[in-house]
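Asker: need coordinates for the following:
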Amino acid sequence: MATLEIRDLHVSVDDREILKGVDLTLKQGETHAIMGPNGSGKSTLAYSIAGHPRYTVTKGSVTLDGADVLAMKVDERARAGLFLAMQYPVEVPGVSVSNFLRTAVTAISGEAPKLRTWVKDLTTAFDNLAIDPSFKERSVNEGFSGGEKKRFEVLQLELLRPKIAILDETDSGLDVDALKIVSAGVNRVREAGATGTLLITHYTRILRYIKPDYVHVFVGGRFVEEGGPELADLLEAEGYDKWVKGAGPAKAEAAT
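Answerer: Alright, predicted model coming up:
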């Protein structure tokens, strides 16, 4: 069973410390929800794990099955089993969706999928996420609405089946119908039992559809509270105010 371990992680952006000692253990098959206000550093955590060059790790470690993630290049992290669904998916003009997906699957598995199987899997994935089949020939994310981009991120998740999936505010900008479709896609991957999920969100509404095993409150660049699903209900009722006040001046220094 794959395990992502984060120990005393400190991260800076432009010489300003954002993460201030993050510890987390995420095992394959588990779902952890990270909740916190804007500017708490949640997205910084996601992009630091994925290897975004803007974020500088100044202290601590990130390992996947004991392997040093921080020593890996971005593509090596993906091949090792890490997946990031971005808060703001980027457009890739000139690269068709179908070519992008088949290239990604080939890179992860080490061999190209058999054409007959691939066509079937791709069609099923598009149907499951209610994406128009014509999108297969469009450039990646080019001209997609915000909701379409989020559904395409989850489509990639379903096809790649990573060891660890980091979902950075996948629920943002989704209407109720799109939220249900996206959540169902995440749940299909979860129910297969092969993926650990780190779900980053501001709100509890997505947790009505994706039930977490653990909930973590993130304020001022660190975890300030941890618990079970009942903690999300407390946040829904009371908000983050008591933890933000407890964080003091440090909260003003954190940023996503």
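Asker: helices along the protein, start to end?
Answerer: 42-50, 74-80, 97-109, 115-128, 146-160, 176-191, 230-238, 241-247 (DSSP state H).
Asker: and of the ones you listed, who's closest to Lys27?
Answerer: helix 176-191 (12.7 Å; C-beta to C-beta). C-beta coordinates here come from the backbone N, C-alpha and C atoms, glycine included.
Asker: check which helices and strands that closest one sits against.
Answerer: helix 115-128, helix 146-160, strand 164-168, strand 196-201 (3 or more C-beta pairs under 8 Å, 6 or more residues apart in numbering; DSSP states H and E).
Asker: want to throw the helices of the chain into JSON lines with mean pLDDT, mean neighbour count and distance to Asp8?
Answerer: Shown next, in JSON lines, are the helices of the chain (pLDDT from 0 to 100; neighbours: other C-beta atoms under 10 Å; distance: least, C-beta to C-beta, whole Å):
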{"stretch": "helix 42-50", "mean pLDDT": "96", "mean neighbour count": "24", "distance to Asp8": "13"}
{"stretch": "helix 74-80", "mean pLDDT": "95", "mean neighbour count": "16", "distance to Asp8": "20"}
{"stretch": "helix 97-109", "mean pLDDT": "94", "mean neighbour count": "16", "distance to Asp8": "30"}
{"stretch": "helix 115-128", "mean pLDDT": "93", "mean neighbour count": "14", "distance to Asp8": "38"}
{"stretch": "helix 146-160", "mean pLDDT": "94", "mean neighbour count": "21", "distance to Asp8": "29"}
{"stretch": "helix 176-191", "mean pLDDT": "94", "mean neighbour count": "17", "distance to Asp8": "28"}
{"stretch": "helix 230-238", "mean pLDDT": "90", "mean neighbour count": "15", "distance to Asp8": "23"}
{"stretch": "helix 241-247", "mean pLDDT": "78", "mean neighbour count": "15", "distance to Asp8": "18"}
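Asker: now do the contacts for Ile6.
Answerer: The contact partners of Ile6, by C-beta atoms under 8 Å, 6 or more residues apart in numbering, come to Val22, Asp23, Leu24, Thr25, Ile49, Gly60, Ser61, Val62.
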